[in-house]
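> generate a structure from the sequence data that follows.
(2 chains)
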Amino acid sequence: MITLPWLYTLAGAMFAAFAILSAFDRSNPKRIGNAIFWGLMAASLLAGDRIGDFGNGLLVLALAGIGGFNLIGRSHPSTTSDPEREHWSAELGNRLFLPALIIPVTALVGTLAYNYTPLGGAGWIEPKRETYVFLALGVLIALAVILTWLRPPVIAPLNEGRRLIDSIGWAAVLPQMLAALGVLFAAAGIGEIIGNLTGSIIPEGHVLPAILVFAIGMALFTMIMGNAFAAFPVMAAAIGVPVLIEHYHGNPAVVGAVGMLAGFCGTLMTPMAANFNLVPAALLEMKDQYGVVKAQLATALPLLALNILIIWWAGFR
Amino acid sequence: MNYWPLIGILLVVAGFALRLNPMLVVTASALVTGLIAGMGPVEVVATFGKAFNDNRIIAIVWIVLPVIGSLERFGLQQRAASLIRSLKGATVGKLLILYLLYRQLTAAIGLHSTAGHPQTVRPLVAPMALAAAEKQHGDLTEDEAEKVKAMSAATDNVGLFFGEDIFFAIGSIVLIQQTLATYGYDLAPLQLALWAIPSAIGAFVIHSLRLRAFSATLGKVTK
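Predicted coordinates:
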């Protein structure tokens, strides 16, 4: 059966190659930092299950130190110039989109075929991970197509990948760090504290203030934790179930589903959701690392108001 | 009730507000929070490490970078831009509204991992949006280009968040169902997914209106 560790191995091998290429890249004055940083990512992906919890902890501290004190730099592996790219773009035409579409199409068709045809009956992929497996398969097919059709130097894909990962830098690792921070927040009982605080400010007598505290609390707590998953059980226990559903007889499906979506509005408004809000700013080489969050505020706020109205209208008829 | 663990949150908020390096802010907050919670130093580091290791699935998506980088080498971004230039009447608004719809629909049928910032936004959506903006506006200043990029990324996020919950087998639906089940409310995942639809339509309308307004500030198609 193809399991997640297979994919960790693939990604780990790629990061190991980035590390080795970085170590020999004399054009980057911080090459040792890059080599160690991506080498640690490779170690985590390849051997994370064997070095123990404390070993993983030291690895994370090392990543934080190298990334946090700016000991990694941007590399400039040999690639094509803008005029060369214009030339290739004109010569290859729209066929150039085909290899780019291999990844999403393989993931899409593979996932559908695995779930809705007898293909998936054999159970050769770890349950619920099939999209990731087909994503990886798409990557391998696309690489094969690029290498046979366009014939770049064989090492080029790894160097081009390194060019991109170096332009993202430590932001590539931050989402995983934030997920780990969420676990510590939970262990310290921050969920109960927030639930307690919000639960204590609801006035008696009318349902709307309770809905407001529930939905805005979901959004705010999601902004703190970086995702709505940690917020939902807390807010459901503090307000959603005892006040909205039991006391005011709200529809549990509406309170649950739309309450979660109120949390998603919070995800749009926080740098803590790094993989959605900070990583793209790095990936698109933006100056303002908070540019994406700022662009989302004017969508998130009216949408939060709408979700509050939906809970009120649909949940309490 | 012991409110001291909130110091961990304060550290994060202050760190982000002061624009300190997030890697250091997050690590400092994690260590402080763990110590306040009564863990020993070794236990804090081990808990942090285990959680990091348990979340390695987040790192898998980077395997697309060698493919995206190789195609950029052969002018993919330039191709995406010239395709948009060749389309009459293509605007930032129309392009991103179309992508918003695509992202919501594919996420709604469980295909949320097939698009995303590394897979589609950097190589295709952002260069196309920039090309459309240049068609409308002529050359863009750095701030204007920055705004177009931000809107491209924002559109991907809005489409994903307000499409994925319509798919009943997604993690968040399972979480809602399990949480409510512990209080004796046994709901079918489909019931919950159904109630994600009004918000999804609302998200499409609100964000589309914003995209149209943003597009209008760039001007009409002149070339």
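> element containing the closest residue to A:Gly138 other than its chain neighbours?
The spatially closest residue to A:Gly138, leaving aside those adjacent along the chain, is A:Thr106, at 3.2 Å (C-beta to C-beta, 6 or more residues apart in numbering or on different chains). To be clear about C-beta, it is placed using only N, CA and C from the backbone, and glycine gets the same treatment. Counting by DSSP states H and E, the element that carries A:Thr106 is helix A:97-116.
> and for that helix, what are the contacting residues?
The contact list for helix A:97-116, computed with C-beta atoms under 8 Å, 6 or more residues apart in numbering or on different chains, reads A:119-120, A:125, A:130-131, A:133-135, A:137-139, A:141-142, A:145-146, A:149, B:64, B:67-68, B:71, B:76, B:79-80, B:83, B:106, B:110-111, B:113-115, B:119-120, B:123-124.
> next one: stretch A:218-231
A:178-179, A:181-182, A:185-186, A:190-191, A:194, A:217, A:232, A:234-235, A:259-260, A:262-267, A:269-270, A:272-274, A:304, B:9, B:12-13, B:171-172, B:175.
> ok, stretch A:153-165 next?
In contact with stretch A:153-165 (C-beta under 8 Å, 6+ apart) are residues A:14, A:17-18, A:21-22, A:38, A:75-79, A:143, A:146-147, A:172, A:283, B:62, B:65-70, B:72-73, B:118.
> which members of these are classed as buried?
The neighbour-count criterion (16 or more other C-beta atoms under 10 Å in any protein chain shown) marks A:14, A:17-18, A:21-22, A:38, A:75, A:77, A:79, A:143, A:146, A:172, A:283, B:62, B:65-70, B:72-73, B:118 among those as buried.
> now intersect these with the helices, please.
When DSSP state H defines the helices, the subset of the buried ones among the contacts of stretch A:153-165 inside them is A:14, A:17-18, A:21-22, A:38, A:143, A:146, A:283, B:65-70, B:72-73.
> can I get the helix holding A:Thr106 as PDB, trimmed to CA atoms?
Listed next in PDB are the C-alpha coordinates belonging to helix A:97-116 (Å, rounded to 0.1, in the frame of the first residue of the first chain):
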ATOM      1  CA  PHE A  97       0.600  24.700 -20.700                       C
ATOM      2  CA  LEU A  98       0.300  20.900 -21.100                       C
ATOM      3  CA  PRO A  99       3.000  19.900 -18.700                       C
ATOM      4  CA  ALA A 100       1.700  22.500 -16.200                       C
ATOM      5  CA  LEU A 101      -1.700  21.000 -16.400                       C
ATOM      6  CA  ILE A 102      -0.500  17.400 -15.900                       C
ATOM      7  CA  ILE A 103      -0.200  17.900 -12.100                       C
ATOM      8  CA  PRO A 104      -3.800  19.200 -11.500                       C
ATOM      9  CA  VAL A 105      -5.300  16.900 -14.100                       C
ATOM     10  CA  THR A 106      -3.600  13.800 -12.700                       C
ATOM     11  CA  ALA A 107      -4.700  14.700  -9.200                       C
ATOM     12  CA  LEU A 108      -8.200  15.400 -10.300                       C
ATOM     13  CA  VAL A 109      -8.700  12.400 -12.600                       C
ATOM     14  CA  GLY A 110      -6.800  10.100 -10.300                       C
ATOM     15  CA  THR A 111      -8.900  11.100  -7.200                       C
ATOM     16  CA  LEU A 112     -12.200  10.800  -9.100                       C
ATOM     17  CA  ALA A 113     -11.200   7.400 -10.600                       C
ATOM     18  CA  TYR A 114     -10.000   6.100  -7.300                       C
ATOM     19  CA  ASN A 115     -13.200   7.000  -5.500                       C
ATOM     20  CA  TYR A 116     -15.800   6.300  -8.100                       C
END
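> for that helix, buried residues please.
Buried, per 16+ other C-beta under 10 Å, within helix A:97-116: A:97, A:99-100, A:102-108, A:110-112, A:114.
> test my guess that A:Ile211 contacts A:Ile308.
Yes - contact between A:Ile211 and A:Ile308 holds when scored by C-beta atoms under 8 Å: they sit 6.0 Å apart.
> which of the two has more neighbours?
Summary of the neighbour comparison: A:Ile211 and A:Ile308, criterion other C-beta atoms under 10 Å in any protein chain shown, with A:Ile211 having more neighbours (28 against 21).
> all good on my end, thank you.
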